[in-house]
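A.B. asks: My questions are about this predicted structure, shown below with the sequence.
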Amino acid sequence: MKKISIIIIALIIGLCLTPAVNAGSLFLEDWGVSPGNWTPTNAPANTKWVSEDYTSNGSGFLDPGWGGQPFDSEAAYIGFKNSKIYIAVVAGLPQGGSKDPWRYDNPKYNYYDFNRRLEKYWYDPGDIGLDLGNDGTFEYAITTRINNNNSTNTPTPGAGKLLNGNLAWTNPKAWEYNNVYTDWNGISNPWAVAGYSDAIDLGVNFSYSAFGTDHYVIEAIINSSLIGLYDWDNIYMHWVMECGNDNINLNAHIPPVPEPSTLILLGAGIFGLAFLRIKSRKKTAIAGKILHPKTVKASIIRRSN
């Protein structure tokens, strides 16, 4: 008995000393999504998604710009369940951003061309824009950057915040030769929020984590009451990195929800049916007891006496 107790204590200590394992994505893995397999197989029935994965090696055309894996937007998802909205974006850009592979490591630009050496060649992830009603105005944003180390001209309150109220957006810019930048004629707008009135911390309902070897997933779960979701017919989502090389967009129809009165009536109906079923069983049991042969015989004997 003493040996068993020692073994149990050792197992408990071992479990306590075991380092925590990364739980992976917030919900996307549970939906059956993995890098290269973008189709959700276990998502809510009303989930909408889109994929535009660039799979070639090296740098290539991403639309509207050129770039390699760090600047590739892979897939986007919007799902609805239990009065919550689930939002996810998969991309090749880590949360801390990435350098421009075309010039950052090029000795010609870094050491011989003074003008190009002064250019910005580090780009950060953008905020996820939410346009309720798809009317061209992004009323809400989900922040993704931790700090302002790289994007000093566009401050952030930190990652995992739901921003709203007079949002002032900045647009992406891809720096080219002699500090002349490309704005892609507005195709990739907007990029990140520079001004806002209100911020709600999503806490554990936000994640920016590694997803496979060269992908990252941004995920958020938002209570529909925070954005008045069901006052609208649809929701449009937009995300792009700071250089604007590859944006991803998704429009989803918002499913209707039962009115509170309907839920109350439905619950009352179910309760009523259950009550009638129980009452019917009791009547059947009583009737069976009265008509049982032993009960009838005992009654006849008492009457004869």
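C.D. replies: That came in fine, so what should we check first?
A.B. asks: drop to CA atoms for contacts and neighbour counts, all remaining ones
C.D. replies: Fine.
A.B. asks: Quick check: mean pLDDT of stretch 84-96?
C.D. replies: Averaged across stretch 84-96, pLDDT comes to 93.
A.B. asks: With stretch 251-265 instead?
C.D. replies: For stretch 251-265, mean pLDDT rounds to 67.
A.B. asks: Stretch 34-41 too?
C.D. replies: 92.
A.B. asks: How about stretch 233-242?
C.D. replies: 93.
A.B. asks: Mind listing residues that contact it?
C.D. replies: 71, 73, 89, 93, 123-134, 171-174, 188-192, 246-255 (CA atoms under 8 Å, 6 or more residues apart in numbering).
A.B. asks: isn't I85 right up against G79?
C.D. replies: Yes: with contact defined as CA atoms under 8 Å, I85 counts as touching G79 (5.7 Å).
A.B. asks: These two: which is more packed in?
C.D. replies: A direct count of neighbours by other CA atoms under 10 Å for I85 and G79 places G79 higher, at 21 against 17.
A.B. asks: What is whichever strand or helix holds the more buried one packed up against?
C.D. replies: G79 is part of strand 73-81 when elements are defined by DSSP states H and E. Where contact means 3 or more CA pairs under 8 Å, 6 or more residues apart in numbering; DSSP states H and E, strand 73-81 is packed against strand 48-51, strand 84-91, strand 248-253.
A.B. asks: mind checking pLDDT for A141?
C.D. replies: Reported pLDDT for A141: 98.
A.B. asks: mind listing what it touches?
C.D. replies: D127, I128, G129, L130, K161, L162, L163, N164, V193.
A.B. asks: Same check on K173?
C.D. replies: By CA under 8 Å, 6+ apart, the neighbours of K173 are Y181, T182, D183, W184, E242, C243, G244.
A.B. asks: again, only this time at 10 Å
C.D. replies: By CA atoms under 10 Å, 6 or more residues apart in numbering, the residues touching K173 are 120, 123, 180-184, 186, 188-189, 191, 241-245.
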